[in-house]
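Novice: coords below, sequence missing:
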């Protein structure tokens, strides 16, 4: 009965969902299944139609959360064991398809960093990326190139060398004076077509994400947005790590069958590399072929937020807010000074607005504005729920309050327990003195 | 006896016709309203009518109330005298003379004295309107010295004076017995000696004066606010039998209209209310919004309804669209007479003080909610702060839009206590504030600690608990409330919940009263009631008398007190716990003044006028308390905010449970 | 002219949590919502409808239950709602998604000329901000991202002027139609549905287009058409709140520490 039969069909098992692991990624398993044995429930989890499943493990392989497995019956396990004993280890045979792909990918070489600029002013994130790009290029053993596009921007190529680039591609024509998607798209695509990089990095800024999305579509490659981590795996592929689900999980994204691998990278995440003065390298000038008369869009105005009179709390990147602890209208001048140093605006809690210290349009909270600045500094705000719901999604929350038990400290990332009338002026003072030490970089702050 | 019965008859017919036509016009407008049953429990209704209309219970509660009481009863008694006057005017043979002498004597005596009393009271009323008028007597459209009010008072005074003139003259002529009418006799004596008037002429003039005053009054009555003479008594009969702590359900089907955006979208009773208003200003005085200088005046809402109905009546009857809008945006030019402004509609805290004050049982607040329903459901027009509230409750079932998974975080140090069917006695309905608001979470923990100390079996629904929907309903978002209520009623039934304890009067009233409309009949208690019971039965034993809170001043929550009649339970709890009855606000118990957050006001800005919570905290500070004790999360927030704004010093705000839990410390 | 709004049904990410014990995503009972940025896109389209009488079509790619999202759009006043749903569309990254959406828009364009396509700036589950540019590029429409104000719109001249919100600056740009806008929250305040409209939308039908209708190459859509794939997920390291220095005894010292911390972590640039 238990006699082993040579040539018995190898059991393939059935796929099964591991409870609690599914992240409802959008039905990758369903799409991967060749026999329609995966059906999606209302909550976006797969239900395996056992009768249909052929145990091909396609769904198991494609699941990003390792939420699927293949299970065997006792009988099948027994057969498997037997087969294993009889045949020993399977020999992995070389896959010709994989070899063809590897050859195609190998045609692409080099790491590129797009140098973002507005009216000749470089975005800081570009230099951050130059640091990371250097690291990736060194790992891969390829050159790091800067991509500089604009009008009268040759200087940026030399800055790029100082931050680590080996060479620079320069497209310098009047048509690129202002950023316009159609023009920049053509220029970048032409560069990629001609020079075939394996990695293209851009800052995850408004401009970078506008451009990257268009370029990836034309080139027909993968693009990963807003990365916070980059690395190279053992097959020379870029591992792109980024937050998803509102930052509740981190996901590592691969683009291993297409080139170039494109990513936009969140500003302020990668460290700024040390600038080494006097470095140089080859500047490769490329004509874009873009003609002004073919351009559909016109940029009518670029207005820096520093020059705008209108205070927009909802859209501000830095907010210094005051509450009842400000004790009076006149004290808000302290917050204004700090906000000015940060290039931000002053907000207020409901009680400060009710007290008439601040106008209603500055109010943050349930019945005021919902804000998501990069930094939110709450001064003398206890943190009533009405206020918290309006600012808790800020990237960084700093609380300054005398009461260490104030609920604001429960949501704050950083806090100072103390008298805001002493702490706030000291913050302003410190910022001012640091700026005086570094007057040059102070000019290009955002992005 | 009448100088000219034919002429009088003619005038009488004219006057009576004017009266009948006037009444018909108004009552037929009432019929434009939607149907509503107001005839159930006639016995209860009748008893209440006797107490409030004939007993003038609420009228007497205020200065000058006695004045009205006397005039009211004078009218009732003198109705007989005037009937006799009219009958004898047409048929001179009929009249009192036909009655036996002793009865006639007694009646004349009564009429004489009552007329004097009425005259005196009318003069006092005159003086009050001219010289001592309290501000609440005047509204935007009706002033204390309104010509209408003064005209009516004058007519009554003339009526009384003519009465005395006529009877004094008759005494002088010898037609009537002076002993039956001491007042008229005294006037007769005055007229005879010092004035030496011609009694026949006086009799004739007085008779006609009396006749004209009476007939004018009759003709004018339906046009004036004194219509209330006819409507107030039935209005007391028809008024809602239940406390106005819920709103009626709405049916949701395609092609229907929701709420009241036109005057004919109210019920007939709503319209009848508008003709019953006496313009006395009691609601205006009691209303927290009106008292703090906001656009809302409940009296003006009723006035707007009446004016709008009169203006649009004919077009509505003809099936045309009304010309005068019921709802107008107050922000530009003010709504204008006959319209209610948006600002006013949204200023209501639904505290019910207006309805509690109204002597003729007008239902102001439900009308406001009906108009809110129209604004929210038909026009999607509401203060912009509310869009966040509505969306948060709909998407995440709490007002702040916090993740429902955070609902269980209040019991940081306590084990999770799920409600188990058949095992757990009480469902502790934590409420959104109790689960999410850092301050109210402390109250939840205090209550849980007390329940454990008393050995009460309790559990929660954990993350599955949802918003009860109180603010949704009071704000007129009945559609979303309806879904919320259905879901909650289903959930509570599935879980086999029989008894619920809440720490929030708003959850309390919604679960207890509103959900009854959805067929849910559970025992719902507010924690003040449960604690009072536990202390009284000895199940909850305190280890010490709580003294650290000093003088404790108790603030009644509108939805616990006025809307649900729970007044004594929290006071008993405080008396047992602290050893002394709590101090009281000047405005306490059923006259308590709202904190300003009910009726969905919690989720809106308060930019007009004085802040309601400051008004209440100022009132609190008059009593020099050490602690203000509340029983509601909204009151807690509003009182604490008010104290901070007024720099209330060391005065603290504590929930009832936080006071009691101190008694458990050894 | 037809205005097309692209909307997406997303899980309410504020309710997504990581189970501290199993280190997996707790998704129990997490509701799906309309991507918040898309509600602003929808509002802008409806304002164009109110002003100029354009017809508005809402399209969404997703599983069959995403119909609920389109019903919400119908309750707000869109004229047509189309759900792009097919097993073959599943597992798509932004490249494959934009291919399906742009094909659907092209199909609509064949019925009635599309002048404007409006998308939210990004979705809250993916946060990529790539689908809008993807659609625009495929369709050859002018792409105007991060719009926080429509300054001028002249349907007769066929030109639009918008203001774009970028880091530290605003740009005013003019372009001829057709255009694709991606919009930010500051653009407008979305309306609230009236009850009659909600009731109507419950009865209204959402058209479902599968690949039968779109006839796209199977290799260009869904999982197969997606160059990127998720190789791993893990939970991020949570930053705990930190009290900096002793603000009571040494307020200036604490303030210095705080600023230096911000600068050293590159959170603040001086």
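Specialist: Done, it's in. Because the structure is a prediction, the values reported are computed rather than measured.

Novice: any idea which residue of the stretch 301-447 of chain A lies closest to chain C?
Specialist: residue A:418 (2.4 Å; Cβ to the nearest Cβ). Using the backbone N, CA and C atoms, a C-beta is placed for each residue, glycine as well.

Novice: actually the stretch 51-200 of chain A, not the one I wrote
Specialist: For the stretch 51-200 of chain A, Cβ to the nearest Cβ, closest residue to chain C: residue A:64, 3.3 Å.

Novice: tell me how far the residue in the stretch 451-600 of chain B that chain C sits nearest to lies from chain A.
Specialist: Per Cβ to the nearest Cβ, residue B:479 is where the stretch 451-600 of chain B lies closest to chain C, at 4.7 Å. With distances taken as Cβ to the nearest Cβ, to the nearest Å, residue B:479 is found 22 Å from chain A.

Novice: what is the neighbour count of that residue?
Specialist: 21 (other Cβ atoms under 10 Å in any protein chain shown).

Novice: any idea how far it is from residue C:125?
Specialist: Plainly put, residue B:479 is 28 Å away from residue C:125 if you go by Cβ to Cβ, to the nearest Å.

Novice: one more: residue B:147?
Specialist: Distance from residue B:147 to residue C:125, counting by Cβ to Cβ: 68 Å.

Novice: in terms of neighbours, single out the busier of the two.
Specialist: Neighbour totals were compared for residue B:147 and residue C:125, and residue C:125 leads with 22 against 9 (other Cβ under 10 Å).

Novice: residue contacts, the more buried one?
Specialist: Going by Cβ atoms under 8 Å, 6 or more residues apart in numbering or on different chains, residue C:125 touches A:244-246, C:10-11, C:13, C:35.

Novice: please redo it, this time with the cut-off set to 6 Å
Specialist: Each residue near residue C:125 by Cβ atoms under 6 Å, 6 or more residues apart in numbering or on different chains is listed here: A:245, C:10-11, C:13.

Novice: likewise for residue B:642?
Specialist: Residue B:642 touches B:613-614, B:617, counting by Cβ under 6 Å, 6+ apart.

Novice: make it 8 Å
Specialist: B:611, B:613-614, B:616-617, B:648.

Novice: of these, list those near chain A.
Specialist: Applying Cβ under 8 Å from any Cβ of the partner chain, the subset of those adjacent to chain A comprises residue B:611.

Novice: which of the contacts of residue B:642 tops the neighbour count?
Specialist: In terms of neighbours by other Cβ under 10 Å, the contacts of residue B:642 top out with residue B:613 at 28 neighbours.

Novice: return the distance of the helix or strand hosting it from the chain's centre.
Specialist: Using DSSP states H and E, residue B:613 falls within helix B:612-622. Taking Cα atoms, centre = their mean, to the nearest Å, one finds the center of helix B:612-622 at 22 Å from the center of the full chain.

Novice: can I take it that residue B:424 is in a strand?
Specialist: No: according to DSSP: H, G, I helix; E, B strand; the rest coil, residue B:424 belongs to no strand; its state is coil.

Novice: give me the distance between it and residue B:490.
Specialist: For residue B:424 relative to residue B:490 (Cβ to Cβ), the value is 19 Å.

Novice: ok, now residue B:287?
Specialist: Relative to residue B:490, and taking Cβ to Cβ, residue B:287 is found at 37 Å.

Novice: looking at those two, which one has more neighbours?
Specialist: Set residue B:287 next to residue B:490 and count neighbours by other Cβ under 10 Å: residue B:287 wins out with 28 against 12.

Novice: does the more buried one touch residue B:301 like I think?
Specialist: No: the criterion here is Cβ atoms under 8 Å, and residue B:287 misses it with residue B:301 at 9.9 Å.

Novice: name the residues contacting each of these two.
Specialist: With contacts taken as Cβ under 8 Å, 6+ apart, residue B:287 and residue B:301 have no neighbour in common.

Novice: contacts only, for the residue positioned nearest the centre of chain B.
Specialist: In chain B, the C-alpha nearest the mean C-alpha coordinate belongs to residue B:355, at 0.6 Å (Cα atoms, centre = their mean). Residue B:355 makes contact with B:244, B:283, B:361-365, according to Cβ under 8 Å, 6+ apart.

Novice: residue ranges of the strands in the stretch 151-270 of chain C, please?
Specialist: For the stretch 151-270 of chain C, applying DSSP state E, counting those that start in this stretch gives strands covering C:159-166, C:169-176, C:179-183, C:207-209, C:229-234, C:242-243.

Novice: and these, which is most packed in?
Specialist: strand C:179-183 (a mean of 28; mean count of other Cβ atoms under 10 Å in any protein chain shown).

Novice: that strand close to chain A?
Specialist: No: under the criterion of Cβ under 8 Å from any Cβ, strand C:179-183 makes no contact with chain A; the nearest approach is 8.5 Å.

Novice: pull up the pairing partners for that strand, direction included.
Specialist: Counting by DSSP bridges, the strands paired with strand C:179-183 are strand C:114-120 (parallel), strand C:142-154 (parallel).

Novice: now find how far off-centre it is within its chain.
Specialist: Worked out by Cα atoms, centre = their mean, strand C:179-183 lies 10 Å from the chain centre.
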